[in-house]
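Participant: The sequence isn't on hand, but the structure is:
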C-alpha cells in the first residue's frame, strides 16, 4: 500500500479520488491539509507511512513553494512530491519548471481539469529511488548535467569572475529567499561555483536544500566566499520598515544594521515587492525618497508581482520586471557576458 498526504487547500479532492486510489492500493494517510503548516505537521508525524505528497498549486504561494518542498525533502528525501499547476505548461517560465525538475518534483498541469489516471499512475510509482535519473511529469527530459563540458564552447568553461548579488524585500513575504534559491540553483547548474549568505535573520536558506552550494549566516564569511566562488548570493531579508504610503523608512526592529553596508558592495542589487495598492508605495519609495533616489542606479533590479509596465512608464530609467518574467536567465546572461568580456 502506498501512503499519500495531500494539500488541496479549501477544495478537498480526497473524496473524489477515494475510489480510484482504493482500486490501486493507494490510501490517504491523513485528512486533507488546508495549509502548508498543517501539511508539514502531517509529514513530521507520519513520515514512516508517507510515500507521496500531492500539492495543489492554488493552495500554496508558488513564489515560496520550493522552500516548502525543501522542508518536506529535509524530513525524508525519498518522498515523491507531485505538484498540480493551474493552466498549461506554456503558462510557466522555463526556469521555474527547471527549478522543480532539479528538486525531482513531478508536475501535472490542470488545464480545465487534470487527468486522474495520470495522477494515479504517478502516485503508484511510490517513493523515489535512491538514484533517480529522470523527473516524471515532464514532456521533455534533460540530462542531469545541463551543460556537456566536452561539447561546450571554450568561453563557457570555467567561469573566472567573482560576483556578489544582493537580494532584499521591500516588504515582508515578497520572496527574497525564493529568488536567492532560484538564482543559486540556476548558476550552479550552469557551471558557476555558487554560495549563498543568509543575513535575513530567519535562517530559511538552511532549509532550502541547496545541493552543492555552501550556505553561511555569518557576515564574516563574505570575503572568503566571494574569493572562493564565482557567485555569492546574499539574502538580506526585509531590512527596512517602509509604510504603505512609502514616505519614510527605518531599520526593522531587531535587524542587524551592520550588515547593510554590504549592499553597496554588491555588483547587482535585487529588490522584491508587491504591486497591489497597499504595497506599491514601498516600491515607489526607492525612486522618490531623496536619499535612496541618489543610490539607485543601473545595478538595481526591481521584481514585482505585476504591473511592471506601468512602473516602467513612471520610472523609465529603472530596471523593473514582473516576477513571471524570466529574470533568472536575464541575470545569468548579463553576468556571463560581463565575465567573458574581461
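Facilitator: Great, that's in hand. The structure presented is a predicted model; accordingly, all values stated were derived computationally and were not measured.
Participant: number of nearby residues for residue 272?
Facilitator: The local packing of residue 272 (other Cβ atoms under 10 Å) involves 26 other residues. Yep, even glycine has a C-beta here, placed from its N, CA and C like the rest.
Participant: And it, how close does it get to residue 286?
Facilitator: Distance of residue 272 to residue 286, given as Cβ to Cβ, to the nearest Å: 12 Å.
Participant: Pop the domain breakdown of this protein in here.
Facilitator: As recorded under automatic domain parsing, the domains making up the chain are 2-124, 154-339.
Participant: can you put the ones you listed in JSON lines and add mean pLDDT?
Facilitator: Below are these laid out as JSON lines (pLDDT from 0 to 100):
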{"stretch": "domain 2-124", "mean pLDDT": "89"}
{"stretch": "domain 154-339", "mean pLDDT": "89"}
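Participant: Please state the offset of stretch 110-130 from the chain centre?
Facilitator: Centroid displacement of stretch 110-130 relative to its chain, using Cα atoms, centre = their mean, to the nearest Å, is 23 Å.
Participant: What residues of it count as buried?
Facilitator: 114, 119, 122-123, 126, 128 (16 or more other Cβ atoms under 10 Å).
Participant: what does stretch 33-40 give?
Facilitator: Neighbour counts using 16+ other Cβ under 10 Å place 33, 36, 39-40 of stretch 33-40 among the buried residues.
Participant: do the same with stretch 45-52
Facilitator: 50-52.
Participant: and of the residues you listed, the nearest to residue 18?
Facilitator: Nearest to residue 18 among those is residue 52, at 15.3 Å by Cβ to Cβ.
Participant: So for this protein, the centremost residue is which one?
Facilitator: By Cα atoms, centre = their mean, the chain has its centre lying nearest to residue 178, at 3.4 Å.
Participant: where does residue 3 fall, phi/psi-wise?
Facilitator: phi -90, psi 140 (degrees, to the nearest 10).
Participant: er, residue 37 I mean
Facilitator: With angles defined as degrees, to the nearest 10, residue 37 sits at phi -60, psi -40.
Participant: quick one: it and residue 104, what's the gap?
Facilitator: To residue 104, residue 37 is 23 Å away according to Cβ to Cβ.
Participant: And for residue 329?
Facilitator: Residue 329 is 22 Å from residue 104, where distance means Cβ to Cβ.
Participant: So which of these two has more stuff around it?
Facilitator: Using other Cβ under 10 Å as the criterion, residue 329 and residue 104 rank with residue 104 on top: 19 against 15.
Participant: related to what we said a few turns ago, overlap in contacts of residue 272 and residue 286?
Facilitator: Each of 170, 302 lies in contact with both residue 272 and residue 286 under the rule Cβ atoms under 8 Å, 6 or more residues apart in numbering.
Participant: which residues in the stretch 1-150 of the chain form strands?
Facilitator: If DSSP state E, counting those that start in this stretch is used as the criterion, the strands of the stretch 1-150 of the chain fall at 2-7, 26-28, 52-56, 80-86, 105-110.
Participant: If we go by neighbour counts, what in the first one is buried?
Facilitator: Pointing back at strand 2-7 there. Residues of strand 2-7 classed as buried: 2-7 (neighbour count, 16+ other Cβ under 10 Å).
Participant: try stretch 334-342
Facilitator: In stretch 334-342, counting by 16+ other Cβ under 10 Å, buried: 335-336, 339.
Participant: What count of nearby residues applies to the nearest residue to residue 219 once chain neighbours are set aside?
Facilitator: Leaving aside its sequence neighbours, residue 219 sits nearest to residue 259 (Cβ to Cβ, 6 or more residues apart in numbering; 5.3 Å). For residue 259, the neighbour count with other Cβ under 10 Å is 18.
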